[in-house]
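Peer 1: Make a model of this:
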Amino acid sequence: MDKSLFDDLVQSLKEAKDISKGKADASRHFEVKAPDVKAVREHIGLSQSEFARLMRVSIKTLQNWEQHRRNPTGPASALLRIVLAAPDVVLKSLHV
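Peer 2: Residues are numbered from 1 along each chain as shown. Next up, the predicted model:
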């Protein structure tokens, strides 16, 4: 490996370590807010069990989301945004 590339890599790792320990600020910060699951469910008028079935999750998972003990991530979060934006399309597509 080229010495300058190796030195850059080492410097990057040192910066990452400082950021993780709070000794330095990150150059960028992203905050992605999870949708309010209960509001989404109530918006489309489904019960918890119906909405859990729609989302393909257990009712316990849905309850954890609604009570903010856990947050939906990845595909579940994306699907919630789609449900909020186009509930008729989602309900038709997922056969609820």
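Peer 1: So what's the model's average confidence on the lengthiest helix in the chain?
Peer 2: Criterion DSSP state H: the longest helix present in the chain is helix 3-20. The pLDDT scores in helix 3-20 average 92.
Peer 1: what's next to that helix, contact-wise?
Peer 2: If you take C-beta atoms under 8 Å, 6 or more residues apart in numbering as the criterion, helix 3-20 is touched by 24, 25, 26. All C-beta spots, glycine's among them, are computed from the backbone N, C-alpha and C.
Peer 1: Find the nearest non-adjacent residue to the second one, please.
Peer 2: In this case it means residue 25. Using C-beta to C-beta, 6 or more residues apart in numbering and skipping residues adjacent in sequence, the residue nearest residue 25 is residue 19, 7.2 Å away.
Peer 1: And for that neighbour, the neighbour number?
Peer 2: Counted by other C-beta atoms under 10 Å, the residues lying close to residue 19 total 13.
Peer 1: same check, this time on the one 4 residues further on
Peer 2: Other residues near residue 23 come to 9 when the count uses other C-beta under 10 Å.
Peer 1: cool, residue 52 as well?
Peer 2: Residues near residue 52, counting by other C-beta under 10 Å: 19.
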